[in-house]
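**Q** Requesting a structural model of the entry that follows:
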Amino acid sequence: MSLFTTISSDKLSRLIGTANTPALIDVRTDEDFAADPRLLPGSVRRNHQEAADWGEEFAGRSAVVVCLRGQKLAQGTAAWLRHLHVEAEALEGGFEGWKAAKLPLVPNAKLPARDAQGRTVWVTRARPKIDRIACPWLIRRFVDPNAVFLFVAPSEVVAVGERFNAVPFDIENVFWSHRGELCTFDVMVEEFGLSTPPMLRLATMVRAADTGRLDLSPEAPGLLAASLGLSRMYDDDLAQLEAGIVLYDAFYRWCRDASGETHNWPTNKAKP
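**A** Down below sits the predicted model:
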């Protein structure tokens, strides 16, 4: 039975990827982390011994603390955080329990270096449409909730990345870009270890809309129409991104929870 200070892997997995995801804090020892340097999607590493010092950055929020097996490190850290006004829980079974359930884990080696505020920074072409909204959504929801995105002139993406320590994406000749028939979103899903059935379905929709192969997914024309509509509604790329994140939240939840549901109105209309 779950305690009110713990959360199960199943329940947490339903929260990850949504706007209600708690802050995820990995407090495994350096030795345990080195043995398997992967992270729950969107989690950050912290030293459990310094919880009283860094805990206030999560004040007023909900958080889940992850150690190797969900015992002393996670429960002790969560208890400290509750003293600092954080609604903190420990993950039952810890990292090992999550892994045993075959839930997604992000390879730490694939994560960019973080800036002084602990954020990953990314740069791409201005005036995004599909891939350049889908990829930031994926990063914000599953990799780094605090990620920063810079939208610049296409010719300046690489130079801005070099000068501002930002990772370029969705341009030619960089790591995070199209590969063969795959779009950048496909590549991120694969490289970040997020290839769940709902995510793969969404990736097919994104690829179909982004590459003009609408026959790949019945839903792709709707995604394309919504994406182009958003691009006409917003002059500010960052405002468009925020609106687009809500759009992808909806498409992801459809892929995960509602793809088998139909709607017909009126339901009780008498047949002639």
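**Q** At which residues are the helices of the chain located?
**A** 9-15, 30-35, 51-54, 72-83, 94-100, 131-142, 157-163, 184-191, 197-211, 220-233, 237-253 (DSSP state H).
**Q** Among those helices, which comes closest to residue 115?
**A** helix 157-163 (13.0 Å; CB to CB). Every residue, glycine included, has its C-beta placed from N, CA and C.
**Q** Extract the C-alpha trace of that closest one and format it as CSV.
**A** Extracted C-alpha coordinates of helix 157-163, given in CSV (Å, rounded to 0.1, in the frame of the first residue of the first chain):
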residue,chain,number,x,y,z
VAL,A,157,21.7,29.3,-35.9
VAL,A,158,25.2,27.7,-35.8
ALA,A,159,27.0,30.9,-34.9
VAL,A,160,24.5,31.8,-32.1
GLY,A,161,24.8,28.2,-30.8
GLU,A,162,28.6,28.7,-30.6
ARG,A,163,28.5,32.1,-29.0
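**Q** List the contacts of residue 70.
**A** By CB atoms under 8 Å, 6 or more residues apart in numbering, the contact set of residue 70 is 6, 90, 91, 92, 93, 94, 97.
**Q** What is the burial count for the spatially closest residue to it that is not a sequence neighbour?
**A** In space, residue 70 comes closest to residue 94 once its chain neighbours are excluded; the distance is 3.6 Å by CB to CB, 6 or more residues apart in numbering. By other CB atoms under 10 Å, the residues close to residue 94 number 24.
**Q** same question, residue 128
**A** Neighbours of residue 128 (other CB under 10 Å): 23.
**Q** contacting residues around stretch 243-256?
**A** Here stretch 243-256 has contacts from 17-19, 128, 133-134, 136-137, 140-141, 198-199, 201-202, 205, 219, 223, 226-227, 230, 233-234, using CB under 8 Å, 6+ apart.
**Q** go on, stretch 91-107?
**A** Counting by CB under 8 Å, 6+ apart, 2, 6-10, 12-13, 16, 26, 28, 32, 36-41, 64-71, 74, 142-143, 191-196 sit against stretch 91-107.
**Q** Take those and keep only those in strands.
**A** 6, 7, 26, 38, 39, 64, 65, 66 (DSSP state E).
**Q** tell me which of those is nearest to residue 180?
**A** residue 38 (26.0 Å).
**Q** ok now do the closest one, which residues does it touch?
**A** Neighbours of residue 38 in contact, by CB under 8 Å, 6+ apart: 105, 106, 107, 108, 193.
**Q** How about residue 84?
**A** Taking CB under 8 Å, 6+ apart as the test, what residue 84 contacts is 52, 55, 56, 58, 59.
**Q** same thing but 6 Å
**A** 55, 56, 59 (CB atoms under 6 Å, 6 or more residues apart in numbering).
**Q** Could you do residue 78 as well?
**A** Residue 78 touches 65, 88, 89, 90, counting by CB under 6 Å, 6+ apart.
**Q** ok, the third one to residue 141 distance?
**A** If you measure residue 89 against residue 141 using CB to CB, to the nearest Å, the figure is 20 Å.
**Q** Show me which of those two is the more surrounded one.
**A** residue 89 (25 against 22).
**Q** what's the closest non-adjacent residue to the more buried one?
**A** Looking at residue 89 with CB to CB, 6+ apart, the closest residue is residue 7, at 4.5 Å.
**Q** how many neighbours does that neighbour have?
**A** Residue 7 has 22 neighbours, counted by other CB under 10 Å.
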